[in-house]
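Q: Starting from these lines, generate the structure:
(one chain, ligands or ions: 1)
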Amino acid sequence: VPPTALSERSLSANGWGFAGTSFPPPAALLSWLAERLGATAPRSAVDPTAVVLPAARPLPELPAAVSAEPMDRLLHARGRGFSDLVRLRSGRLPAAPDAVARPADAGEVEALIQACSRHGLRAIPWGGGTSVTGGVNTLAGAAPAVVVDLAGVAGLRRLDARAGLATFGGGTTGPALEASLAPHGLTLGHFPQSWELSTVGGWAATRSSGQESLAVGRIEELVAGLELVAPAGRLSLPALPASAAGPDLRRLALGSEGRLGVITEVTVRVRPRPAERRIEALLLPSWEAGQEAVRVLSRSGIDLQMLRLSDPAESEVALATGLGGHSWEPLARGWLRLRGVGSEACLLLVGGAGSVVAADEALDDARAFLRRQLGRGGVVSLGQRPGRRWLADRFRHPYLRDGLLDRGIATDTLETAAPWSALPGLWSAVRGALVGGLPGEAVPVLCHVSHVYPDGASLYFTFFFRAAADPEEDIARWAVLKRTATEALLAAGGTLSHHHGVGSWHAPWLHREVGEAGLRILRAAAREVDPAGVLNPHVLLDPVDRLEE
Ligand SMILES: Cc1cc2nc3c(=O)[nH]c(=O)nc-3n(C[C@H](O)[C@H](O)[C@H](O)COP(=O)(O)OP(=O)(O)OC[C@H]3O[C@@H](n4cnc5c(N)ncnc54)[C@H](O)[C@@H]3O)c2cc1C
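A: Purely as a prediction, here's the structure:
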């Protein structure tokens, strides 16, 4: 994975990622969408330098470097979820942080949030700002808001190569983290799609999951120890291989989304860096057969890096676009028809890693295993080219959203997980809720399984709708879809979030998963460590529906 020096590239103020980088939607995707959505009108984004923010309120002196520059405030006003992009593109922001503070170390973080607590200022911990759940958004409120940008609390602090433990500052981004492990022949292997910008502290705070979770586990399996700084003091949890010393407080910090403190340091379990990553694309006869194949394959003992199964609609789009613009598709389709693979076919990406031989062996074993399960005709290999394309583009895919919005096509994703037995019902329920969610408007939906466990798997949905002329109407339409889909996934036995977290957008539904008793425990913990309630007050425990704010 090529490292990217964040400091050398400026961030986009109204889209994903880096200014000047794009990933234009492939023509085949646009025509697939046009067939379903009809004509859409282009929408341009306003010039970020012309955006007028609500005036910054005066703040007391704070014990860290502080900026109230308009561009800094704009860059730290919102995360990168759908309504964030719409608000940033339209320049209509109901609120913005009054200042951005940049503490240099954990001591300054502690002094800063204590000062926020004393002066009644909201403090919003900011890692990469890639939240898609309203987790870093400054919302309108009486108390001034200070974004605590952790970019200065970053870098490799300690490496215990013998134990495979590496300690990083909480603000270390994915590329910086991997770049500092690479010279030691090590990797963390945690690659969320937001990897180029998101941080190890943010991953821990949101219980993130990377694309290779099958091999390395979720972030909670990777975190061995951490330090959490709250207004009431520091919680230092050492890296231990295992412990029975009472309830695991690491697990309380993981997923705490800034409500229980700022994660200033994280010790992660690292492993030897694989020499090679190989991905083979296979076609399986149907979505049902595909899910069962993935379930048994994941339990087969074959050492795989990744399993990603697309439903028929997503497979159709992936094949049509050649996974990013390659037009081998007509040939492949003809060949597939000869092999008896019809429109219900599902695309499975199978990943192996290690030495070249080990990676290829894993793929050979997986293919042979699936052929034993589904019969020779039930598994059609498309080779490794689509997988190479996918690997090359995997961190560029998020730029597609901006290109689609430019063309008047709104798109967002949502994700959940459930036991295998509930998965088919969950897929139908969420899909149905989205497809029928906007009466009179088409809502095409794609889905894939991308994180696989012995007892179940995640479902990741992508949906599209026609953008309206008015950005507020776009957000209102999106909020309707979010609400119906969230109700549907909870009713069908899915989790509120498999890896995007709760933020402010999912918070009103959290009680449905953890119950009132669960919320009371979390509220009591937050009151104890943050008595003035200054840390991320709208996140995790706020019952108000803030989707349209
Ligand atoms: C295009 C795109 C793709 C994505 N793909 C994935 C994916 O594949 N897997 C996945 O898991 N997620 C994904 N996400 C969601 C997001 O990237 C994750 O939630 C990520 O873990 C957030 O990290 P961050 O550093 O950007 O945190 P931020 O967005 O800055 O913050 C997220 C939340 O954690 C809090 N926080 C941040 N840092 C700290 C800290 N050090 N201490 C305490 N609280 C903190 C914030 O206040 C906020 O509530 C994606 C998002 C986008 C926009």
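
Q: Distance of the spatially closest residue to Phe191 that is not a sequence neighbour relative to His499?
A: Counting by C-beta to C-beta, 6 or more residues apart in numbering, Gly210 is the residue found nearest to Phe191 once chain neighbours are left out, at 4.3 Å. The C-beta positions use only the backbone N, C-alpha and C, and glycine is treated the same way. If you measure Gly210 against His499 using C-beta to C-beta, to the nearest Å, the figure is 9 Å.

Q: and those two? which has more neighbours close in?
A: Neighbour comparison, Gly210 and His499: the larger count goes to Gly210, with 26 against 23 (by other C-beta atoms under 10 Å).

Q: follow-up on the earlier one: verify the stated contact: the residue nearest to Phe191 with His190.
A: Yes - taking contact to mean C-beta atoms under 8 Å, the distance of 4.0 Å between Gly210 and His190 places them in contact.

Q: what sits in contact with each of Gly210 and His499?
A: When contacts are counted by C-beta atoms under 8 Å, 6 or more residues apart in numbering, Gly210 and His499 have Pro192, Arg218 as shared neighbours.

Q: Overlap in contacts, Gly210 and His190.
A: Between them, Gly210 and His190 share the contacting residues Val216, Ile219, judged by C-beta under 8 Å, 6+ apart.

Q: Can you give me the pLDDT of the residue lying closest to Gln305 once chain neighbours are set aside?
A: Beyond its immediate neighbours in the sequence, the residue positioned closest to Gln305 (C-beta to C-beta, 6+ apart) is Gly351, lying 3.8 Å away. In the prediction, the pLDDT value recorded for Gly351 is 98.

Q: same thing with Ala332?
A: For Ala332, the model assigns a pLDDT of 64.

Q: was I right about Ala123 contacting Ala111?
A: No - with contact defined as C-beta under 8 Å, Ala123 does not reach Ala111; the gap is 11.8 Å.

Q: And these two? Which one has more around it.
A: Regarding Ala123 and Ala111, a neighbour count based on other C-beta under 10 Å identifies Ala123 as having more, with 27 against 15.

Q: Can you check my assumption that that one lies in a helix?
A: No - when the secondary structure is assigned by DSSP: H, G, I helix; E, B strand; the rest coil, Ala123 falls in strand instead of a helix.

Q: thinking again about what came up before, so the residue nearest to Phe191 is in which element?
A: Assigned by DSSP states H and E, Gly210 belongs to no helix or strand.

Q: And for Leu235?
A: Under the assignment here (DSSP H and E), Leu235 is part of strand 233-237.

Q: tell me the average confidence for the helix or strand that comes right after that strand?
A: Per DSSP H and E, strand 233-237 leads on to helix 249-253 as the next helix or strand towards the C-terminus. What helix 249-253 shows for mean pLDDT is 97.

Q: Next, the residues that contact helix 249-253 from outside, please.
A: Ala204, Glu220, Val223, Gly225, Leu226, Leu228, Leu235, Leu237, Leu260, Gly261, Ile263, Ala525.

Q: if we go to 6 Å?
A: When contacts are taken as C-beta atoms under 6 Å, 6 or more residues apart in numbering, the neighbours of helix 249-253 outside the stretch itself are Leu226, Leu228, Leu237.

Q: Can I get these in CSV including distance to Pro25?
A: As requested, these are exported to CSV (distance: C-beta to C-beta, whole Å):
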residue, distance to Pro25
Leu226, 39
Leu228, 41
Leu237, 44
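
Q: Just the closest of those residues to Glu487, please.
A: Within these, distances to Glu487 taken as C-beta to C-beta reach their minimum at Leu228, with 33.2 Å.

Q: Wait, the closest one touches Gly258, no?
A: No - under the criterion of C-beta atoms under 6 Å, Leu228 makes no contact with Gly258, lying 10.0 Å away.

Q: picking that back up, after the helix or strand encompassing the residue nearest to Gln305, which helix or strand is next? Please name it.
A: Gly351 belongs to strand 346-354 when assigned by DSSP H and E. Past strand 346-354, heading to the C-terminal end, the next element that is a helix or strand (DSSP H and E) is helix 356-374.

Q: which ones are touching the closest residue to the ligand within the stretch 151-300 of the chain?
A: Nearest to the ligand, among the residues of the stretch 151-300 of the chain, is Gly202, at 2.0 Å (C-beta to the nearest ligand atom). For Gly202, the contacting residues are Gly127, Gly128, taking C-beta under 6 Å, 6+ apart as the criterion.

Q: what helix or strand does it sit in?
A: With elements taken from DSSP H and E, the one containing Gly202 is helix 200-206.

Q: swap in Asp474?
A: For Asp474, the host element (DSSP H and E) is helix 471-491.

Q: quick check: mean pLDDT across that helix?
A: If you average the pLDDT over helix 471-491, you get 98.

Q: for stretch 63-80, same thing?
A: Confidence over stretch 63-80, taken as the mean pLDDT, stands at 97.

Q: Apart from its neighbours in sequence, what residue is nearest Thr199?
A: Spatially, and ignoring its direct neighbours in sequence, Thr199 is nearest to Gly127 (3.5 Å; C-beta to C-beta, 6+ apart).

Q: right, and the one you found touches Gly201 too?
A: Yes - under the contact definition of C-beta under 6 Å, Gly127 touches Gly201, with a separation of 5.1 Å.

Q: Can you name the residues of the stretch 351-500 of the chain sitting close to the ligand?
A: Where proximity means C-beta under 6 Å from any ligand atom, the interface of the stretch 351-500 of the chain facing the ligand comprises Pro398, His499, His500.

Q: try 8 Å
A: When proximity is defined by C-beta under 8 Å from any ligand atom, the stretch 351-500 of the chain lies next to the ligand at His397, Pro398, Arg401, Thr413, His499, His500.

Q: got a winner among these for most neighbours?
A: Counting neighbours by other C-beta under 10 Å, the top entry in these is His500, with 26 neighbours.
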